[in-house]
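Engineer: Got a predicted model here, sequence first, then my questions.
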Amino acid sequence: MASQELKHRTKPEEQEGETKEIDASSAADMNNSGKPGRQKKRAMASRGLRSLVLAVSFPTLLTIMDIYLFGSSNRYRNTEKPFYFPPLWALHSACLAAAFLSGLSAWLVWAEGGFHKQPNALLLYLGQLGLSLGWYPIVFGAGATRVGLVMCTALFGAMVGCCRMFRVVNPIAGDLVKPCLIWALLLSIVNLRLVYH
């Protein structure tokens, strides 16, 4: 009976006996407050939140694992450092922040459909992620500081490419990569000091 009322309800201001019909799918989407599509919007928001958590936590957790496995370097601790050199914990924190920000910026680009429009942006993002994850084992694990310096140069180039391509899709995503560029420069300076020590 309630569904028949919904199908044949008319507005008082309607003229000439026109009726407004509400189809069954619209009626099913209505919740207690009577707003259509609210459940659909909540489901989309839930999926968006899950994808955001995944996009940010994946590179951050990989970086934590990288730091845990390869992040303690006696060579770095014992190296005479100028006053502007960060302690090891600050270097680790900067790496974590860069992983978080790059994941967030990549999610913003993905949410706008940017990886479909510009597939090279995804390749650059994955490249910079791989280079940043590979730096710890190469430099602190194997002690190959010259290879690490080459990796830092490639990392900086990949970050510049990410910044430019992300900015085309979403300006905020491009801006979020800028602190990662500073991190890549810091990593290069640290690596350069380790090469010539």
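Structural biologist: All right, it came through fine.
Engineer: From the chain's centroid, how far away is stretch 137-155?
Structural biologist: When C-alpha coordinates are averaged (CA atoms, centre = their mean, to the nearest Å), stretch 137-155 and its chain have centres 24 Å apart.
Engineer: same question for the one helix or strand Leu192 maps to, mean pLDDT?
Structural biologist: Here Leu192 is covered by helix 171-195, with elements defined by DSSP states H and E. Here the mean pLDDT over helix 171-195 is 90, rounded to a whole number.
Engineer: buried stuff in it?
Structural biologist: Burial within helix 171-195, assessed by neighbour count using 16 or more other CB atoms under 10 Å, is assigned to 173-174, 176-177, 179-181, 183-184, 186-188, 190-191, 193-194. (Each C-beta comes from the backbone N, C-alpha and C, glycine too.)
Engineer: One more: stretch 58-71?
Structural biologist: Pro59, Thr60, Leu62, Thr63, Ile64, Asp66, Ile67, Phe70, Gly71.
Engineer: can you tell me which of those residues are in helices?
Structural biologist: With DSSP state H as the criterion, helices contain Pro59, Thr60, Leu62, Thr63, Ile64, Asp66, Ile67, Phe70 from among the buried residues of stretch 58-71.
Engineer: Turn these into JSON lines, including pLDDT and distance to Arg42.
Structural biologist: Putting these into JSON lines (pLDDT from 0 to 100; distance: CB to CB, whole Å) gives the following:
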{"residue": "Pro59", "pLDDT": "94", "distance to Arg42": "28"}
{"residue": "Thr60", "pLDDT": "94", "distance to Arg42": "27"}
{"residue": "Leu62", "pLDDT": "94", "distance to Arg42": "31"}
{"residue": "Thr63", "pLDDT": "92", "distance to Arg42": "32"}
{"residue": "Ile64", "pLDDT": "93", "distance to Arg42": "32"}
{"residue": "Asp66", "pLDDT": "90", "distance to Arg42": "36"}
{"residue": "Ile67", "pLDDT": "89", "distance to Arg42": "37"}
{"residue": "Phe70", "pLDDT": "84", "distance to Arg42": "42"}
